[in-house]
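**Student:** My questions are about this predicted structure, shown below with the sequence.
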Amino acid sequence: MRVVLDECLPRKLKRHLLGHDVSTVPEMGWAGIKNGALLRLVEPVFEVFVTIDGNLQYQQNLHATTLAFIVLAAGDNTIETLEPLAPKMLAALQTGIAPGAVVRIEA
């Protein structure tokens, strides 16, 4: 799957998503762009948007998009905190996530 990591996530998280085409928001040149405009840029290029922003689903109409979303529920955004969530992220990606769906992954 084509996956993009939100700019609030560490780039090193990419190495845990083997088998998927993973980029980061800053790599795409989209750093600093607010959520609504960012999602419009992401949608034609990627299938899954991964974030730690638990409020995103309340701020944007995610069901009206072709993107699927993975929201990581963690105490902070350090790689040490997020690495243990990687197997659950991979499982969600491998089973397939429907467009507009939001999958919340907790420790």
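**Tutor:** Structure received.
**Student:** For the rest of this, base every contact and every neighbour count on C-alpha atoms.
**Tutor:** Fine.
**Student:** And the strands in the chain, which stretches?
**Tutor:** Per DSSP state E, the chain carries strands over the ranges 2-5, 21-24, 48-51, 68-73, 102-106.
**Student:** packing partners for the second one?
**Tutor:** Applying 3 or more CA pairs under 8 Å, 6 or more residues apart in numbering; DSSP states H and E, one finds that strand 21-24 contacts strand 2-5.
**Student:** Let me see the contact set for Leu17.
**Tutor:** The contact partners of Leu17, by CA atoms under 8 Å, 6 or more residues apart in numbering, come to Ala86, Met89, Leu90.
**Student:** 10 Å - rerun?
**Tutor:** Leu17 sits next to Met1, Val3, Ala86, Pro87, Met89, Leu90, Ala91, Leu93 when contact means CA atoms under 10 Å, 6 or more residues apart in numbering.
**Student:** Val50 versus the second one, what's the distance?
**Tutor:** Think Val3. 7 Å (CA to CA, to the nearest Å).
**Student:** any shared contact partners between those two?
**Tutor:** When contacts are counted by CA under 10 Å, 6+ apart, Val3 and Val50 are jointly contacted by Thr24, Ala68, Phe69, Ile70.
**Student:** Alright, calling it a day.
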